[in-house]
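**Student:** after the sequence you'll find the predicted model.
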Amino acid sequence: MKKILVIHGPNLNLLGQREKSIYGKVTLEEINKKLKAIAKKNGVTLEILQSNHEGEIVDAIQEVKKNGIKVILINPAAYTHTSVAIRDAISAVDIPTVEVHLSNIYAREEFRHTSLIAPVSHGQISGFGVDSYLLGMQAAISLIK
């Protein structure tokens, strides 16, 4: 089976509790359930990681080829704007990557307008709430096929 690595960055474990006006009421567990349903329908398996630790995310990215991952779906959260390490790991493994964000990062504070991840990603989807993840999953599946 073809595998997709889903990475949820820092503070996404608090979805449904934090800043509902920005991130909505959906929990991370609900997002993962929806992603698994799409994956199952399309004959794809998922590995899912949520981490508040940059190094753990980098380690997971570095292991993609060894783990048979074909595409990365990532919401780097705050690391979007700060992590050269995650950017370099994505670039180094040369695996198609889809970047997603619940909020429209370009309609928020100016420091959020720059994504270090976008230049090494196949594409970016932001601003559609949970649908950003669902659209991202469809894009990731398309990249496998």
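**Tutor:** Yes, it's here. Residues are numbered from 1 along each chain as shown.

**Student:** need the helix or strand of the chain with the lowest average pLDDT.
**Tutor:** Comparing every helix and strand of the chain by mean pLDDT, DSSP states H and E singles out helix 20-23 as the least confident one, with a mean of 66.

**Student:** pLDDT of stretch 96-109, averaged?
**Tutor:** Averaged over stretch 96-109, pLDDT sits at 87.

**Student:** could we number from 36 for the rest of this?
**Tutor:** All set: I'll call the first residue 36, so the last point we hit is now stretch 131-144.

**Student:** buried stuff in that stretch?
**Tutor:** Counting neighbours by 16 or more other Cβ atoms under 10 Å, one finds that the buried residues in stretch 131-144 are Pro131, Thr132, Val133, Glu134, Val135, His136, Leu137, Ser138, Ile140. C-beta coordinates here come from the backbone N, C-alpha and C atoms, glycine included.

**Student:** cool, stretch 73-87 as well?
**Tutor:** Within stretch 73-87, the residues that qualify as buried are Ile73, Ala74, Asn77, Val79, Leu81, Glu82, Ile83, Gln85, Ser86, Asn87, counting by 16+ other Cβ under 10 Å.

**Student:** tell me which of these fall in helices.
**Tutor:** Judged by DSSP state H, helices contain the following of the buried residues of stretch 73-87: Ile73, Ala74.

**Student:** and which of the buried residues of stretch 73-87 is nearest to Glu145?
**Tutor:** Closest approach between those and Glu145, by Cβ to Cβ: Asn87, at 24.1 Å.
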